[in-house]
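In: Show me how the following folds:
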Amino acid sequence: MFCLVLSYWVVYTSKEEGRSIVFVQTAPKDKHGRVLMYYAEGYREQGKVRQRKVERIGFIDEFTHLYDDPVAHFKEVAKQKTKEKRDSRQPIKITLSPHARLPFHQDTGTYDCVRNLGHAAISQVFHTLGIHKFLDDRRKYLKCDYNLTAVMKLLVYERILAPGSKRAAWMGKSKYFDKMDFSLNDIYHALSIFPQWRDDLLQMLNQKMVEQYDRDSTLLFYDVTNYYFEIDNEDDFRKKGMSKEHRPNPIVQMGLFMDDRGFPVTYDLFSGNTNDGKTFSPMSERVRSQLDLDHIIFVADKAMMSGDNVADVITNHNGYIFSKSVRGGTQHLKDTVRDRSGYVRFDAQGNEIAPSDTDTPVSFMYKVLDEIKDTHVRDAGGNRRCVKGVGHHQIIYWSAKYADRAKLDRQAAVEKALAASHSHSKDVVDNNHGKNKYLRTQVYDKDTNQHIKHYDAKIVFDFGKLEEDESLDGFYVIETNVTGLRESVDATGYATKESEQSFVGKSRWLKHEGMLQLNRIVTPRDIIDMYHGLWKIEQTFRVTKSELQARPVYVAREDRIGSHFLTCFISLLIIRILEHELDHQYSTEEIIESLKKANVAELNSTTFMTLYYDIVLRDLYETKGIEFGQNLYTRSQIRSMLAKTKK
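Out: Numbers count the residues shown, from 1 in each chain. So this is what the prediction gives:
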């Protein structure tokens, strides 16, 4: 055997300054005759004796049912605190036996002395959101011989720090300090319970976000993605569809709403063969019932642009900002886009370019079209009926970056089409996929329009199609029924250059126009900026698929699939909150990596040594009060740290 001496985390300049004593003080009786107790600390500073309040204990009468003499009891506790404080300032001696056999963990059959402290930050947000209380209030009515709340915490910890299967999560539970005495079967049992509470939990989380983070849900972003399963055969829920990752496996669709600060609001799952646009109406109904707001502005991409979805928005007196494809539009729309008159141009710094300036490079430009159109709604019987005179604005927008990206995306197809052109084939080019978009084959007589059975055809490159596509590079249309305070009109019908009077509330519905009016001036740039917020939800989906590794999904039953994505949603919300509280100085990847590495090594049964520390963990101490940078910890200090995260 040998003895290893490790110095602790505080060095004092004098013995006097290191001495302190914790004791109990009582305050004078209040007007109700109650006496308050609190811990105080006496210490020396520069040769003088001083004291300070350390911690409130409570009123004496609150403890008389627990202790015969509450004051005497807490005086003993104070003595123990004093001893622990003094012991913590002494060097720690660790005795190691080189020939001792290492013990195996009873569940994993392995020995690992490394434990994770990073989950303390996750635990604090988990408890701040009240998820523990929500689950505790419901699990007490179930006949479960395990802790459902602990199962949820493990699944969230692992989804953020070590994403994998549910079995892998269970195998990794020993690295956390939380009590997790449940079996793998208990986890699968819990996965069948959590979906029953999903809607209530999402509503509770939204209320907490309103209370704690001042969430404003009047502007919501919506998008759809899908997640694959490593299986070949479909079932009633996992269907083959248009995979975003171009995989042949069965998938499920997820529709997600996000607020304007990047926090997820709510979600739902759909079978894998559900069209993206068909998810909007049920999702908008869900979010309306969950948020209970007078008006909401929905922002979505062109996949949601349909008559049914627009009708769903306006019949519920809400606003929409949807994009619309130019290439799939009418010839009139394409001609309007190509017509360079009416565009307001801007440089890379966002400054407007004068119409006479032809030298300054254009970074983006737009022009606005006002239009009254007819739309259609479905009645109670599912029949479509026409609604006439619905107003909206169309903003034709062009971006140099978007144009460059369109050219780059098209380049591979053009090169393949050029290589395939001028080849002889009797196969008809009858689709627009990939290179075929720029190829054409003549197989009919131009005069008689009769099919020619025997012909010698040549596949040629369609330069006209390429030229048309290039003319539309960088353009898309943003359509909206959102407006703001408008210019007042005098008695003669002329604008006065003064805006109309503001009204009560954030917004109101203009019944005769079918438009949502905001109680402020709204410019085309405002609408464009709102639409561009969609990048946040696209980035959110990337986080779920990369850092949180939400796919592939390793469970098969629909209820367990629901639980998997519920834990992913909670994990996503927690990591977004940590980003927010760190003032967005660090990316999701950086925060997760730091929490994952925030480990300690068990030196003996009571002492742990820090293995990793960085600036993210340092800043978490500044914002969350969790000390990750201490050299050594006692087991009681770690317990105390984790207990504080649960208050």
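In: which SSE is Lys83 in?
Out: helix 70-87 (DSSP states H and E).
In: How is the chain divided into domains?
Out: With automatic domain parsing serving as the domain definition, the record reports that the chain contains domains spanning 13-87, 114-191+598-645, 199-401+477-568.
In: for stretch 82-90, the distance to its chain's centre please.
Out: Average the C-alpha atoms of stretch 82-90, do the same for its chain, and the two points are 43 Å apart (CA atoms, centre = their mean, to the nearest Å).
In: Repeat that for stretch 50-66.
Out: Using CA atoms, centre = their mean, the distance between the centre of stretch 50-66 and that of its chain works out at 42 Å.
In: ends of it, how far apart?
Out: Stretch 50-66 has an end-to-end distance of 32 Å (criterion: CA to CA, to the nearest Å).
In: mean confidence for that stretch?
Out: Here stretch 50-66 scores 87 as its mean pLDDT.
In: Stretch 336-356 too?
Out: Along stretch 336-356, the predicted local confidence has a mean pLDDT of 94.
In: Show me which residues of that stretch are buried.
Out: 336-337, 343, 345-346, 353 (16 or more other CB atoms under 10 Å). Bear in mind the C-beta positions are built from the backbone N, C-alpha and C, glycine included.
In: Which of the domains of the chain sits closest to Pro103?
Out: Of all the domains of the chain, domain 114-191+598-645 sits nearest to Pro103, with 11.0 Å by CB to CB.
In: end-to-end on that closest one?
Out: 21 Å.
In: Dump the buried residues of stretch 336-356 into CSV; add distance to Phe280 and secondary structure as well.
Out: Rendered in CSV, the data for the buried residues of stretch 336-356 read as follows (distance: CB to CB, whole Å; DSSP: H, G, I helix; E, B strand; the rest coil):
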residue, distance to Phe280, secondary structure
Thr336, 27, helix
Val337, 26, helix
Tyr343, 31, coil
Arg345, 34, strand
Phe346, 31, strand
Ile353, 37, strand
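In: Tyr67: which of these is nearest?
Out: Looking at the buried residues of stretch 336-356 and their distance to Tyr67, the nearest is Phe346, at 72.8 Å (CB to CB).
In: where do the helices sit along the stretch 351-500 of the chain?
Out: Using DSSP state H, counting those that start in this stretch, the helices found in the stretch 351-500 of the chain span residues 400-420, 463-471.
In: Any chance of the ones you listed in a markdown table with distance to Val600, mean neighbour count and mean pLDDT as columns?
Out: Output for the helices of the stretch 351-500 of the chain, formatted as a markdown table (distance: least, CB to CB, whole Å; neighbours: other CB atoms under 10 Å; pLDDT from 0 to 100):
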| stretch | distance to Val600 | mean neighbour count | mean pLDDT |
| --- | --- | --- | --- |
| helix 400-420 | 46 | 14 | 86 |
| helix 463-471 | 58 | 13 | 88 |
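In: And the next helix or strand past the helix ranked longest in the chain?
Out: Counting by DSSP state H, the longest helix found in the chain is helix 558-581. For helix 558-581, the succeeding helix or strand toward the C-terminus, using DSSP H and E, is helix 588-597.
In: Mind listing residues that contact that following helix?
Out: Helix 588-597 has contacts (CB atoms under 8 Å, 6 or more residues apart in numbering) with 116, 118-119, 121-122, 160-162, 543, 546-547, 575, 578-579, 582, 586, 611-612, 614, 616-617, 620.
In: Kindly recompute the last result at 10 Å.
Out: Contacting residues not belonging to helix 588-597 are listed as 116-122, 157, 160-163, 539-540, 542-543, 546-548, 571-572, 575-576, 578-579, 582, 585-587, 611-620, 628 [CB atoms under 10 Å, 6 or more residues apart in numbering].
In: distance between that helix and the chain's centre?
Out: Distance of helix 588-597 from its chain centroid, counting by CA atoms, centre = their mean, is 16 Å.
In: Same question for stretch 604-615.
Out: With CA atoms, centre = their mean as the basis, the distance from the averaged C-alpha position of stretch 604-615 to the chain average is 31 Å.
In: What about Trp535, how many residues nearby?
Out: Other residues within reach of Trp535 by the criterion other CB atoms under 10 Å amount to 11.
In: what does the one 4 residues further on give?
Out: The tally of other residues near Gln539 (other CB under 10 Å) stands at 13.
In: That one: helix or strand, and which one exactly?
Out: Using DSSP H and E, Gln539 falls in helix 534-545.
In: what angle separates that helix from helix 558-581?
Out: Here the directions of helix 534-545 and helix 558-581 differ by 120 degrees (axes from the mean of the first three to the mean of the last three CA atoms, to 10 degrees).
In: Number the residues from 321 up from this point.
Out: Got it, first residue is 321 now, which makes that one helix 854-865.
In: what angle separates the longest helix of the chain from helix 908-917?
Out: Here the directions of helix 878-901 and helix 908-917 differ by 100 degrees (the same axes, to 10 degrees).
In: Same question for helix 878-901: list its buried residues.
Out: Of the residues in helix 878-901, those buried under the neighbour-count criterion (16+ other CB under 10 Å) are 880-899, 901.
In: Could you tell me the average pLDDT over that helix, please?
Out: Over the span of helix 878-901, the pLDDT mean works out to 97.
In: Alpha carbons of it, as CSV, please.
Out: The C-alpha coordinates for helix 878-901 follow below in CSV (Å, rounded to 0.1, in the frame of the first residue of the first chain):
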residue,chain,number,x,y,z
GLU,A,878,-46.5,3.6,-31.5
ASP,A,879,-46.8,4.6,-27.8
ARG,A,880,-43.1,4.1,-27.2
ILE,A,881,-42.3,6.0,-30.4
GLY,A,882,-44.4,8.8,-28.9
SER,A,883,-42.4,8.7,-25.6
HIS,A,884,-39.1,8.8,-27.6
PHE,A,885,-40.0,12.0,-29.3
LEU,A,886,-41.4,13.5,-26.1
THR,A,887,-38.0,13.1,-24.4
CYS,A,888,-36.4,14.5,-27.5
PHE,A,889,-38.7,17.6,-27.3
ILE,A,890,-37.9,18.1,-23.6
SER,A,891,-34.2,17.7,-24.3
LEU,A,892,-34.4,20.2,-27.1
LEU,A,893,-36.2,22.7,-24.9
ILE,A,894,-33.7,22.3,-22.1
ILE,A,895,-30.7,22.8,-24.4
ARG,A,896,-32.3,25.9,-26.0
ILE,A,897,-32.9,27.3,-22.5
LEU,A,898,-29.2,26.8,-21.7
GLU,A,899,-28.2,28.5,-24.9
HIS,A,900,-30.4,31.4,-24.0
GLU,A,901,-29.1,31.7,-20.5
